[in-house]
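*Asks:* pasting the sequence and the predicted model now:
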Amino acid sequence: MPETIENKKIIAQENLVYERTSVLTENVMHYCPGCGHGTTHRILAEVIEELGIQSETIGIAPVGCSVLMYNYMDIDMQEAAHGRAPALATAVKRLRPDKYVFTYQGDGDLAAIGTAETIHACNRGENFAIIFINNGIYGMTGGQMAPTTIPNMKSSTSPYGRDVKTMGNPLRMTEIVATLPGTYYVTRQSVHSPANVRKTKKAIRKAFEYQKLDKGVCFIEVVSSCPSGWKMTPVQANEWMVENMFPFYPLGDLKVPEE
Amino acid sequence: MEEFQLMKGNEAVAEAAIRAGTDGYFGYPITPQSEVMEYLMTVKPYERTGMVVLQAESEVAAINMLYGGAACGKKVMTTSSSPGISLMQEGISYIAGSELPCLVVNVVRGGPGLGTIQPSQSDYFQATKGGGHGDYRLITLAPSSVQEMADFVTIAFDLAFKYRNPVMILSDGAIGQMMEKVKFKEQKPRATEFPEWATTGKTPDRERNIITSLDLDPARHERHNIKLQAKYKEVEKNEVLFEKISCEDAEYLFVAYGTSSRICQKSIQLAREEGIKVGLFRPITLWPYPKKELGAMSDQIKGILAVEMSGGQMVEDVLLSVDQKVKVDHYGRMGGIIPTPEEIVEALKNKIIGE
């Protein structure tokens, strides 16, 4: 069939411009179309491959949509209890200071049930990276209000929009941890456009490189969309994120090391 | 040769931990066991052996630090007391589910709730019947002296690594706080090689190592549970520890562990002065419970008094062990009260011997 010939030609070695990084497994990801997790996993895996630290990296997965992250990353990983990833990572890095250690956490995990572990690991200046995916919602359990749900945003437990008077205010964790002396590099990025993907990848790369310096937590927030939880198409969700999330969670560096 | 030292039970645990080659201690202050971390911070084990000692922000964080450290194949431990141990139950369940070795020491105080800071044995159910969620077992050792507080650290770590299972030393505020002579084992080096399942960084010669308690496939998850149950059966078969004191001619029996077993030894002396032939059966492993060994004494004796500083918890295992062949009753004090030897003898007379 002509199509097959065409495909073969496309994937011929000499025509390849882009391929799966060896640090991702061949397992098919369970993430919904438009979700930022897949992209973030991929650039994280690329950074680990490019730095040549696959055998030196230990990752901690959270409870949330990325609970099965260890199915996709071809590295040694631990699956934490909900919110406790920074506690695990603290012990891992203290007991194996020779390794690169990161946690990967969603906003419910990091900013609600795990707030104490997050703040204290950051404040102690633990020497690992935290990658924080903020989509303003509990995705895995079906779109409930998160600590990061922005004012008036609808969720399954704030169906008429988040009323800050009764439901409280959203928490800007990245701003909070940036004030702590134990953090070394704090930035907020996104993966909704190729340019932003490249910026986020650069930030993740720095977060790993800085671990060699033993200077404290590197904290990367990735503002992400959740088309399923937000009940939008992926394109609508991206547009909604740019218009509504970014004003509340502005992208950019909050704390950069002095060179 | 090492000389005897005079020490608190809590300090003995700390010194024994360093000598056992422990890699990491993670804890949170709570009475009556704060001396453990105070001792560690004072003697600087990080200079002696490279052992990490870290004061966590909560017991919740401490137990999850154990989870992370144990997942790296490291020898890790924590100590706490009842309310703190309650906070750790989630983490202990995860550690058991992920089949990781670690040591948790509970220097029990009276409950429920904030309770009291005085000694108690009211966490028996929590330690031996689950504590956290899911079908799992905690190997539970009950020391009755400062020497055993030290000795059981090594035993606990050996069992934890042998079975990839958390082990608890269930002590109490009396043993933690009292001073006795203790002799320590020689310093063991910290391990430099780690189990093949540990997350040490995926090298090209092996598949990645994943430490998790999650499996969304029920068939696979049931297989995992069946494997855990088979492991617990092995532990029950191989690791029962107990002690019998003055049992040869005994017509009656005290069953007691930890501090209560110490008091019962005095009660035996008092009772025998009155011509009452009573002995002591002391479970050392509370799980696995020495069911068979206690049950085997049913033919020899007329009655059993389970003595506990609780409302009656271990007595349920005594009842299961003797299977209604012998009269069993319970005597306990609660809320931080330690029974006297005399009142235990009185209880034996009133509840078991009768008129």
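*Replies:* The structure has been received and is ready for your questions. Numbering: from 1, shown residues only, chains lettered A, B, ... in the order given.
*Asks:* check the secondary structure at the residue in chain A that chain B sits nearest to for me.
*Replies:* Closest to chain B within chain A is A:Leu88: 3.0 Å, counting by C-beta to the nearest C-beta. Quick note: C-beta positions are derived from backbone N, CA and C, even for glycine. The three-state assignment at A:Leu88 reads helix, by DSSP: H, G, I helix; E, B strand; the rest coil.
*Asks:* measure it to B:Tyr94 for me?
*Replies:* Look at A:Leu88 and B:Tyr94: by C-beta to C-beta, to the nearest Å, they are 10 Å apart.
*Asks:* ok, now how distant is the nearest residue to B:Ile210 once chain neighbours are set aside from A:Gly139?
*Replies:* Leaving aside its sequence neighbours, B:Ile210 sits nearest to A:Tyr70 (C-beta to C-beta, 6 or more residues apart in numbering or on different chains; 4.7 Å). Applying C-beta to C-beta, the value for A:Tyr70 to A:Gly139 is 18 Å.
*Asks:* ditto for A:Ala195
*Replies:* For A:Ala195, the distance to A:Gly139 equals 25 Å [C-beta to C-beta].
*Asks:* which one's more surrounded, these two?
*Replies:* The neighbour comparison of A:Ala195 against A:Gly139 (other C-beta atoms under 10 Å in any protein chain shown) goes to A:Gly139, with 27 against 9.
*Asks:* how about the nearest residue to the more buried one, chain neighbours excluded?
*Replies:* The shortest distance from A:Gly139 to any residue other than its chain neighbours is 4.3 Å, reached at A:Cys65 (C-beta to C-beta, 6+ apart).
*Asks:* my read: the one you found touches A:Ile137, true?
*Replies:* No. Applying C-beta atoms under 8 Å, one finds A:Cys65 not in contact with A:Ile137, separated by 9.8 Å.
*Asks:* show me which of these two is the more surrounded one.
*Replies:* Neighbour tally, A:Cys65 and A:Ile137, criterion other C-beta under 10 Å: the higher count belongs to A:Ile137, 30 against 27.
*Asks:* not counting sequence-adjacent ones, nearest residue to that one?
*Replies:* A:Gly229 (4.3 Å).
*Asks:* ditto for B:Tyr136
*Replies:* Per C-beta to C-beta, 6+ apart, closest to B:Tyr136 is B:Ala96, 3.7 Å.
*Asks:* now do the helices in the stretch 201-350 of chain B.
*Replies:* B:218-238, B:258-273, B:291-295, B:315-322, B:341-347 (DSSP state H, counting those that start in this stretch).
*Asks:* closest one to chain A among these?
*Replies:* Closest approach to chain A among the helices of the stretch 201-350 of chain B (C-beta to the nearest C-beta): helix B:218-238, 13.2 Å.
*Asks:* roughly how far apart are B:Tyr257 and B:Glu343?
*Replies:* From B:Tyr257 to B:Glu343 the distance is 18 Å (C-beta to C-beta).
*Asks:* repeat for B:Ala61
*Replies:* Taking C-beta to C-beta, one finds B:Ala61 at 42 Å from B:Glu343.
*Asks:* and the two? which has more neighbours close in?
*Replies:* Neighbour tally, B:Ala61 and B:Glu343, criterion other C-beta under 10 Å: the higher count belongs to B:Ala61, 29 against 14.
*Asks:* sec struct for the more buried one, please.
*Replies:* helix.
*Asks:* from chain A, how far off is B:Leu40?
*Replies:* According to C-beta to the nearest C-beta, to the nearest Å, B:Leu40 stands 14 Å off from chain A.
*Asks:* please work out how many residues are found near that residue.
*Replies:* 25.
*Asks:* who touches both of A:Leu88 and B:Tyr94?
*Replies:* B:Asn64, B:Tyr67 (C-beta atoms under 8 Å, 6 or more residues apart in numbering or on different chains).
*Asks:* for the residue in the stretch 251-355 of chain B positioned nearest to chain A, give me its contacts.
*Replies:* Relative to chain A, the nearest point of the stretch 251-355 of chain B is B:Trp287 (23.0 Å; C-beta to the nearest C-beta). Each residue near B:Trp287 by C-beta under 8 Å, 6+ apart is listed here: B:Ala127, B:Thr128, B:Arg137, B:Leu138, B:Ile139, B:Thr140.
*Asks:* need the phi and psi values for A:Gln78.
*Replies:* Dihedral angles of A:Gln78 (phi, psi; degrees, to the nearest 10) stand at phi -120, psi 140.
*Asks:* who does it bridge with?
*Replies:* A:Ile60, B:Ile211 (DSSP bridges).
*Asks:* after the helix or strand where B:Tyr39 lies comes which helix or strand?
*Replies:* Secondary structure assignment for B:Tyr39, by DSSP states H and E: helix B:35-43. As assigned by DSSP H and E, the chain's next helix or strand after helix B:35-43 is helix B:45-48.
*Asks:* run through the neighbouring helices and strands of that next one.
*Replies:* Contacts defined by 3 or more C-beta pairs under 8 Å, 6 or more residues apart in numbering or on different chains; DSSP states H and E place helix B:45-48 against helix B:9-19, strand B:52-55.
*Asks:* chain center to the very next helix or strand once past the first one: distance?
*Replies:* Scanning the chain past helix B:9-19 towards its C-terminal end, the next helix or strand to appear is strand B:24-27 (assignment: DSSP H and E). Strand B:24-27 sits 17 Å away from the centroid of its parent chain (C-alpha atoms, centre = their mean, to the nearest Å).
*Asks:* A helix includes A:Phe132, no?
*Replies:* No. Counting by three-state DSSP, A:Phe132 is located in no helix; its state is strand.
*Asks:* who does it bridge with?
*Replies:* Under the criterion used (DSSP bridges), A:Phe132 bridges to A:Gln105, A:Glu221.
*Asks:* quick check: it touching A:Val217?
*Replies:* No. If you go by C-beta under 8 Å, A:Phe132 and A:Val217 don't touch, sitting 10.9 Å apart.
*Asks:* so which of these two has more stuff around it?
*Replies:* Using other C-beta under 10 Å as the criterion, A:Phe132 and A:Val217 rank with A:Val217 on top: 28 against 25.
*Asks:* surely the more buried one and A:Ile130 touch.
*Replies:* Yes. Using C-beta under 8 Å, A:Val217 makes contact with A:Ile130 at a distance of 6.1 Å.
*Asks:* list residues touching both of those two?
*Replies:* With C-beta under 8 Å, 6+ apart, A:Val217 and A:Ile130 have common neighbours A:Ala121, A:Cys122.
*Asks:* in the stretch 51-200 of chain B, what residue is nearest chain A?
*Replies:* Shortest the stretch 51-200 of chain B-to-chain A distance, computed as C-beta to the nearest C-beta: residue-wise this is B:Gly68, at 3.0 Å.
*Asks:* can you get me a residue count around the residue nearest to B:Phe254 when sequence neighbours are not counted?
*Replies:* In this structure, B:Phe254 finds its nearest non-sequential neighbour in B:Cys264, 4.2 Å apart by C-beta to C-beta, 6+ apart. By other C-beta under 10 Å, 31 other residues sit near B:Cys264.
*Asks:* who are the contact partners of residue 50?
*Replies:* All of this refers to chain A. A:Arg205.
*Asks:* you answered for a different chain; I wanted chain B.
*Replies:* Contact analysis of B:Gly50 by C-beta under 8 Å, 6+ apart lists B:Asp23, B:Arg190.
*Asks:* what's the answer for B:Gly9, then?
*Replies:* With C-beta under 8 Å, 6+ apart, B:Gly9 has these contacts: B:Val107, B:Pro143, B:Ser145, B:Val146, B:Met149, B:Ser171, B:Ile175, B:Gly176, B:Gln177, B:Met178, B:Glu180.
*Asks:* ok, for residue 79, nearest residue in space, not its chain neighbours?
*Replies:* Went with chain A since none was named. Excluding the flanking residues, the one nearest A:Glu79 by C-beta to C-beta, 6+ apart is B:Thr212, at 3.6 Å.
*Asks:* you answered for a different chain; I wanted chain B.
*Replies:* Per C-beta to C-beta, 6+ apart, closest to B:Thr79 is B:Val105, 4.0 Å.
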